[in-house]
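Asker: just coords:
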């Protein structure tokens, strides 16, 4: 009768039966105690279960395998993985043969406690005792190996379980898919989905999400978007996924326009989006980084504030010492928008009423203090590190960030030009209501298409150029920085409105040096003399760069950086460098002969490509004139510093330009530092690897210097 109570989780009845047995002097045996123990477990009374087990031992009864299996469930639920492993030792001492379920419970207990190596050890013990594994066994040990990043072993076990006749379950596939997502193994993820379909296992949103994440992490955005389309086309998976999950997946696929459409569909259906859904839309739009998407993110934010989805709370601390603002944000981008909006309002109030309204200090709390907000802390640390920003970050919490600023310093900063760093795009709220979304997104699409074509031409040229430190003569490397300075100075006088000219000429100079022309360039070809070392070669490169710029001017007109449209005369260039015209003409011929690939098409310098990336970020600005520096910081100016830096020789121009842009945005506290619009444009998930970290930090420091010079 006690055993029957288990099915109904009716613990009081079981206790009454035990009491009745004692009243009638009916001895409790091992079977009785095992049933009683099981009732306690099913009822969630784990402490009582342990007391029952101790009482059983105190009465001198010997537990059987059923008893121990139930005890293991108690240990597993209480996180007592070490005690669970100890039960296996006890079973061995008592010569009780564990069954597969016994080992499975212990392995799951180890995994639940993040003791993955212990789980693997238990599995080895199970194999040594020749206990046949079950699906649950394989699921547990595969999870353990995945958590330890032993993916090849996990894959081997996956194959083994099928050979042993154990059919993989959703749990098996989810474990492997999530591991593939974590490590960006797109091919494995797609293969796992195909195997699930072959086995007639339903593809759930969780399965699709992991596979999409794996493809996105590997940079295979086309495959990721196809999987997302398949998921949405599947009525079961598509209907099962809530809107914020769909938008998160669209964001992973860098489809911010798709995320915005999903958000609009939700509004059109009459559903009021909650804070999580709204935050997801904002993160997707702002994360794109271009003007049109940022404006739409601001529009969504303002609308949510008006509807009460997000509420700013204000309080004054004891003794009137500080004003505290609380923003329960759910994303890093959303936190920055909310912070900028708050500071813009404070700026107006300080200008009107004075610094006294700020009391002694201002505290801003970002996050609800309960839910983890991805990237919030690093984004705030980066923003507060911008020179001049008076806020400091207190603590390192991932659920809430506390910013503190002394009132006098904050007031001075708000009323200074430096506070313009607050936001790259921050129009008045009234302007956001009149946004023409369709026109903006059409303009965005057209601009990105134009930039993609320009970048394609540049990257095709990159593949055939031979620019690396290993191919350049040591003598040239030693004088390279001074040659760059000479080029900059000369080009500034020849064409002051063509800032990209010296950069293009420098690319040609590197190619000429790699081709061996620098060895003969110390003197003029005609044995004349010049006060400028390598004068004829420098002049020849400037002439060729000028011709190339003029040839491509019609294709890049209307871009954010000015491009030379007039070809410089050989005489003017020669005069600037103190060289003979004939020598310059001969030099042009030599460079064309020795470096035909470099002279055949548009010259891809990092400066030019920063301009392409900037144009992509300005996409959709329409009649607005957004200051370029508010989107890329000092990236364009940094290209001059980076050109002669030896670290730049280890990167193609497209990557160098991307690193410059990251440095510029980081120095301004902009988030994300590498927007998704540029991920789509370049195919680079992140242009900054471990090899570029030191170079990046040098550039960030240099950017701060340039901004204040």
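Answerer: Happy to help now that I have it. Small disclaimer: the values here were computed from a predicted structure and weren't measured. Numbering: from 1, shown residues only.
Asker: how many other residues sit next to the spatially closest residue to residue 167 that is not a sequence neighbour?
Answerer: Leaving aside its chain neighbours, residue 167 sits nearest to residue 135 (6.7 Å; criterion: CB to CB, 6 or more residues apart in numbering). C-betas here are computed from N, CA, C, even on glycine. By other CB atoms under 10 Å, the residues close to residue 135 number 18.
Asker: In this structure residue 135 contacts residue 170, no?
Answerer: No - the criterion here is CB atoms under 8 Å, and residue 135 misses it with residue 170 at 11.0 Å.
Asker: got any residues that touch both of those two?
Answerer: By CB atoms under 8 Å, 6 or more residues apart in numbering, residue 135 and residue 170 have no common neighbours.
Asker: Buried by neighbour count: which residues of the lengthiest helix in the chain qualify?
Answerer: Scanning the chain for the helix with the most residues, using DSSP state H, yields helix 437-464. For helix 437-464, the buried set under the neighbour-count rule, 16 or more other CB atoms under 10 Å, comprises 437, 440-441, 443-444, 447-448, 450-451, 454-455, 457-459, 461-462.
Asker: Stretch 689-701 too?
Answerer: Buried residues in stretch 689-701 (16+ other CB under 10 Å): 692, 695, 696, 698, 699, 700.
Asker: ok, residues contacting it?
Answerer: Residues outside stretch 689-701 that contact it (CB under 8 Å, 6+ apart) are 638, 641-642, 645, 647, 650-651, 659-660, 662-663, 666-667, 688.
Asker: quick check, nearest of those residues to residue 354?
Answerer: residue 667 (31.4 Å; CB to CB).
Asker: for the closest one, what are its contacts?
Answerer: Residue 667 neighbours (CB under 8 Å, 6+ apart): 386, 633, 634, 700, 703, 704, 707.
Asker: pLDDT below threshold where in the stretch 351-500 of the chain?
Answerer: Within the stretch 351-500 of the chain, the stretches with pLDDT under 70 are 420-434, 466-470.
Asker: redo that, cut-off 90
Answerer: 355-357, 367-374, 386-388, 394-399, 416-444, 457-479 (pLDDT under 90).
Asker: just so I have it, where are all the strands in it?
Answerer: Here the stretch 351-500 of the chain has its strands, by DSSP state E, counting those that start in this stretch, at 361-366, 392-394, 401-406.
Asker: Pull out the buried residues from the shortest one.
Answerer: The reference is to strand 392-394. Applying 16+ other CB under 10 Å to strand 392-394 flags residue 393 as buried.
Asker: Quickly run through the sheet partners of that strand, with directions.
Answerer: Strand 392-394 has the following sheet partners, assigned by DSSP bridges: strand 401-406 (antiparallel).
Asker: okay, the angle between the partner strand and strand 361-366?
Answerer: 170 degrees (axes from the mean of the first three to the mean of the last three CA atoms, to 10 degrees).
Asker: Now do strand 401-406: distance to the chain's middle.
Answerer: 25 Å (CA atoms, centre = their mean, to the nearest Å).
Asker: List of residues touching that strand?
Answerer: Contacts of strand 401-406 (CB under 8 Å, 6+ apart): 335, 339, 360-367, 373, 376-377, 380, 384, 390-395.
Asker: Ok, stretch 304-321 next?
Answerer: So stretch 304-321 is in contact with 272-275, 278, 301, 322-329, 338, 342, 359-361, 363, going by CB under 8 Å, 6+ apart.
Asker: thinking again about what came up before, name the helices or strands packed onto the longest helix of the chain?
Answerer: Packed against helix 437-464, as judged by 3 or more CB pairs under 8 Å, 6 or more residues apart in numbering; DSSP states H and E, are the following elements: helix 256-268, helix 291-306, helix 596-600, helix 606-617, helix 653-667, helix 676-682.
Asker: least trustworthy helix or strand in this structure by mean pLDDT?
Answerer: helix 2-8 (a mean of 51; mean pLDDT, DSSP states H and E).
Asker: thinking again about what came up before, would you turn the helices and strands packed on helix 437-464 into CSV with distance to residue 77 and mean pLDDT?
Answerer: Converted to CSV, those look like this (distance: least, CB to CB, whole Å; pLDDT from 0 to 100):
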stretch, distance to residue 77, mean pLDDT
helix 256-268, 39, 93
helix 291-306, 41, 90
helix 596-600, 68, 85
helix 606-617, 52, 94
helix 653-667, 46, 95
helix 676-682, 43, 96
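Asker: wait, which of those helices is closest to residue 154?
Answerer: Using CB to CB, the nearest of those to residue 154 is helix 676-682, at 29.2 Å.
Asker: if we can go back for a sec, mind checking which of the contacts of stretch 689-701 are buried?
Answerer: Buried subset of the contacts of stretch 689-701 (neighbour count, 16+ other CB under 10 Å): 638, 641-642, 645, 647, 651, 659-660, 662-663, 666-667, 688.
Asker: Just send the strands of the stretch 351-500 of the chain back as TSV, with distance to residue 256 too.
Answerer: Shown next, in TSV, are the strands of the stretch 351-500 of the chain (distance: least, CB to CB, whole Å):
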stretch	distance to residue 256
strand 361-366	23
strand 392-394	28
strand 401-406	25
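Asker: right, so of these, which gets closest to residue 546?
Answerer: Of the strands of the stretch 351-500 of the chain, nearest to residue 546 by CB to CB is strand 392-394, at 48.8 Å.
Asker: chain center to the closest one, what's the gap?
Answerer: For strand 392-394, the distance to the chain centre is 23 Å (CA atoms, centre = their mean).
Asker: returning to that earlier point: drop anything exposed from the contacts of stretch 304-321.
Answerer: 273, 275, 278, 301, 322-329, 338, 342, 359, 361, 363.
Asker: would you say residue 39 is within a strand?
Answerer: No - under DSSP: H, G, I helix; E, B strand; the rest coil, residue 39 sits outside any strand and is assigned helix.
Asker: ok, now how distant is it from residue 267?
Answerer: 51 Å (CB to CB, to the nearest Å).
Asker: more crowded one of the two?
Answerer: Each of residue 39 and residue 267 has its neighbours counted (other CB under 10 Å); residue 39 has more, 30 against 12.
Asker: how far away is that one from residue 104?
Answerer: On the measure of CB to CB, residue 39 and residue 104 end up 22 Å apart.
Asker: what does residue 493 give?
Answerer: The value you get for residue 493 to residue 104, if CB to CB is used, is 79 Å.
Asker: now residue 56, nearest residue through space, not along the chain?
Answerer: Excluding its sequence neighbours, the residue lying closest to residue 56 (CB to CB, 6+ apart) is residue 33, at 4.2 Å.
Asker: From what I see, that neighbour and residue 67 are in contact.
Answerer: Yes - with contact defined as CB under 8 Å, residue 33 reaches residue 67; the gap is 6.7 Å.
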